[in-house]
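Enquirer: what would the 3D arrangement of this be:
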Amino acid sequence: MMHQNLRLGIQQRVLPDYRAAFFNALGQLVEQRLAVFGGQPLVQEGIKTLGELNDAQVFWGRNYTLFDPSHPFFLCWQHGLLEWLNCWQPHALIVEANPRLLSNRKAIERMHAKGGIVIGWGLGAPSIDGEFAQVRQHERLVYLQSLDGIIAYSKLGARQYLALGLPEERVFAATNAVLPKPSTPPYHRPIPVISQLQVLFVGRLQKRKRVDLLIKACASLPNELKPLLFIVGDGPARPELERLAMEILPATMFVGDQRGESLATYFKQADLFVLPGTGGLAVQQAMAYALPVIVAQGDGTQEDLVGPKNGWVVPANDLNALTQTLREALSDIRRLRRMGLESYRIVAEEANVEKMAEAFVSAIERVWMLSHKAYSL
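Expert: Below you'll find the predicted structure:
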């Protein structure tokens, strides 16, 4: 365990509600000596922010931004960050590993001036293309090198940080998780005698989620394999997706945003969960309900969760690959049930917020030990 007097701070651009379980789990491990700081998302992001935490304090700042976060030249300054540091006085600070958050640079300077350590937390370091790519790559490297360590969301992300030349002993991976360990046994699904199987998607309906590919793939399957498709979620792409479904797969069910027990009902009645695009923390929810999963290749977080024993990883934006994988998956219901049990085992034993919090504490302890000659409590 970390030093009994060590205070931990976490900075994020925004504090989404799905992080509450992780922050509480981490707060429990450090005996509630945790405070998190963030600002509000842009309206168009549609992110629901967290409320109060049971095991950590929440501090809010104000984000001043230039452009949208998806824009290559997006910049953000968080008003109140330095004031929060002066108030909370953390010994260890975890910040977003994003050089476009300009106020973080001042926070890093402040922490080092006071003898603290700063660890970045990020997806990884994929190649940068487009305008001023070399300048942007240089800025990213300078920012990352100013940190005392880095925690990646996935093993792929950790490999990308290492490829930049960051020291191996200061690079860590903590599988991105949003749910605690399951508290109940795996949900039991009987083998249907004669019935259409149900395919489920859960997430915000945005173009990058590529739900259009899922509709097209299901529509192209032979009648004996064509599933009932349930799409849970809302968002700007919904009208366009509904028009597409009406044309080629009219039985598709758009049920809107669902939470709690109503959402659980859709997970329980499904036979297969599919994430055809980017993002998708709902994958872990599906796995907790003992569902096999199909995911598209992305930032590496899916690959840490999905393997041949519990699902399929398909190339991104490849309709043919998704169609063929659906055909294979839906042709063997008994195999789907076995794969679903493996999904449950993974989230119970390997990918949950408790394991993620333990990985964070281990990284902090390691970086503190490596830095103890320079810093002391």
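
Enquirer: and the helix or strand bottoming out on mean pLDDT in the chain, what does it pack onto?
Expert: Least confident element among the helices and strands of the chain, by mean pLDDT, DSSP states H and E: helix 301-305 (a mean of 80). Applying 3 or more CB pairs under 8 Å, 6 or more residues apart in numbering; DSSP states H and E, one finds that helix 301-305 makes contact with helix 155-163, helix 282-288, strand 293-296. C-beta coordinates here come from the backbone N, C-alpha and C atoms, glycine included.

Enquirer: quick one: contacts of that helix?
Expert: For helix 301-305, contacts defined as CB atoms under 8 Å, 6 or more residues apart in numbering pick out 123, 153-157, 175-176, 275, 280, 283-284, 287, 293, 295-297, 313, 346, 351.

Enquirer: that one: how far from the chain's middle?
Expert: Distance, stretch centre to chain centre, for helix 301-305: 10 Å (CA atoms, centre = their mean, to the nearest Å).

Enquirer: buried residues in stretch 338-356?
Expert: By neighbour count on 16 or more other CB atoms under 10 Å, the buried set for stretch 338-356 is 339-348, 351-356.

Enquirer: what of stretch 112-130?
Expert: For stretch 112-130, by 16+ other CB under 10 Å, it's 112, 116-125.

Enquirer: returning to what we had before: what would the helices and strands packed on helix 301-305 look like in TSV with mean pLDDT, mean neighbour count and distance to D68?
Expert: Formatted as TSV, the helices and strands packed on helix 301-305 follow (pLDDT from 0 to 100; neighbours: other CB atoms under 10 Å; distance: least, CB to CB, whole Å):
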stretch	mean pLDDT	mean neighbour count	distance to D68
helix 155-163	94	19	23
helix 282-288	93	25	23
strand 293-296	95	25	23
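
Enquirer: average pLDDT for stretch 366-377?
Expert: In this model, stretch 366-377 carries a mean pLDDT of 71.

Enquirer: what's the answer for stretch 83-93, then?
Expert: Across stretch 83-93, the per-residue pLDDT values average to 96.

Enquirer: tell me which residues of it are tucked away?
Expert: 84-85, 88, 90-93.

Enquirer: same thing with stretch 65-78?
Expert: By 16+ other CB under 10 Å, the buried positions in stretch 65-78 come out as 65, 76-78.

Enquirer: how far does that stretch stretch from start to finish?
Expert: Using CA to CA, to the nearest Å, the end-to-end distance of stretch 65-78 comes out at 9 Å.

Enquirer: that stretch: how far from the chain's middle?
Expert: How far stretch 65-78 lies from its chain's middle: 20 Å, per CA atoms, centre = their mean.

Enquirer: then stretch 189-203?
Expert: Centre-to-centre, stretch 189-203 and its host chain are 26 Å apart (CA atoms, centre = their mean).

Enquirer: got the buried residues of stretch 83-93 as a markdown table, with secondary structure columns?
Expert: Listed next are the buried residues of stretch 83-93 as a markdown table, based on DSSP: H, G, I helix; E, B strand; the rest coil:
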| residue | secondary structure |
| --- | --- |
| W84 | helix |
| L85 | helix |
| W88 | helix |
| P90 | coil |
| H91 | coil |
| A92 | strand |
| L93 | strand |
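
Enquirer: wait, which of the residues you listed is closest to Y143?
Expert: Of all these, Y143 sits closest to L93, with 14.3 Å by CB to CB.

Enquirer: partners of the closest one in the sheet?
Expert: L93 has the following beta-bridge partners by DSSP bridges: G9, V118.

Enquirer: that one touches L82, doesn't it?
Expert: No. Using CB atoms under 8 Å as the test, L93 is too far from L82 to be in contact (11.6 Å).

Enquirer: what sits in contact with each of those two?
Expert: In contact with both L93 and L82: A107, using CB under 8 Å, 6+ apart.

Enquirer: and the protein, what are its domains?
Expert: Per the record, the chain has its domains at 8-179+352-371, 198-349, by automatic domain parsing.

Enquirer: noted, bye for now.
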